[in-house]
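[1] I need the structure of the sequence given here:
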Amino acid sequence: DLVLDFLERLGVGSVLFVPLGAGPDCLGFLVLSRISDDPAWTQLEYDAALDIGRDLGRAVANARQRDQERAVVSRLRELDTYRADLVNTVAHELRN
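    As a prediction, this is how the structure comes out:
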């Protein structure tokens, strides 16, 4: 009721919720609205909104994947530094 009252105060006549998706995952929603006097949504607009939702969903999913990859690369670098330090320490101790 609160949302409907808010939309009515803004003069919104219709709302179109478009899922932002990448594959089977829904990452959120894009919400499009029209004022009361505008015509109904056409099939072309529905299709265009769904295409935009898919594209935005892919962009969000790609950004999340890049962030995860950066974290993995950072951790691998840390582990490689630790390994190199360990090998150097063991080699030094064996020489002594």
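[2] how about the nearest residue to the spatially most central residue of the chain, chain neighbours excluded?
    Residue closest to the mean C-alpha point of the chain, counted by C-alpha atoms, centre = their mean, is residue 60 at 2.7 Å. The shortest distance from residue 60 to any non-neighbouring residue, by C-beta to C-beta, 6 or more residues apart in numbering, is to residue 27 (5.1 Å). All C-beta atoms are positioned from the backbone trio N, CA, C, and that covers glycine.
[3] make sure that neighbour is indeed in a strand.
    Yes: counting by DSSP: H, G, I helix; E, B strand; the rest coil, residue 27 is part of a strand.
[4] surely it meets residue 21?
    Yes: using C-beta atoms under 8 Å, residue 27 makes contact with residue 21 at a distance of 6.4 Å.
[5] tell me, what's touching these two both at once?
    Each of residue 57 lies in contact with both residue 27 and residue 21 under the rule C-beta atoms under 8 Å, 6 or more residues apart in numbering.
[6] neighbour-wise, which of the two wins?
    Counted by other C-beta atoms under 10 Å, residue 27 and residue 21 do not tie: residue 21 has more neighbours, with 19 against 16.
[7] hey, what's the more buried one bridged with?
    In this entry, residue 21 is beta-bridged to residue 26, by DSSP bridges.
[8] and it, what does it touch?
    By C-beta under 8 Å, 6+ apart, residue 21 lies in contact with 27, 53-54, 57.
[9] model confidence score at it, please.
    pLDDT recorded at residue 21 is 85.
[10] with residue 7 instead?
    88.
[11] please state the backbone phi and psi of it?
    Per-residue torsions, residue 7: phi -60, psi -40 (degrees, to the nearest 10).
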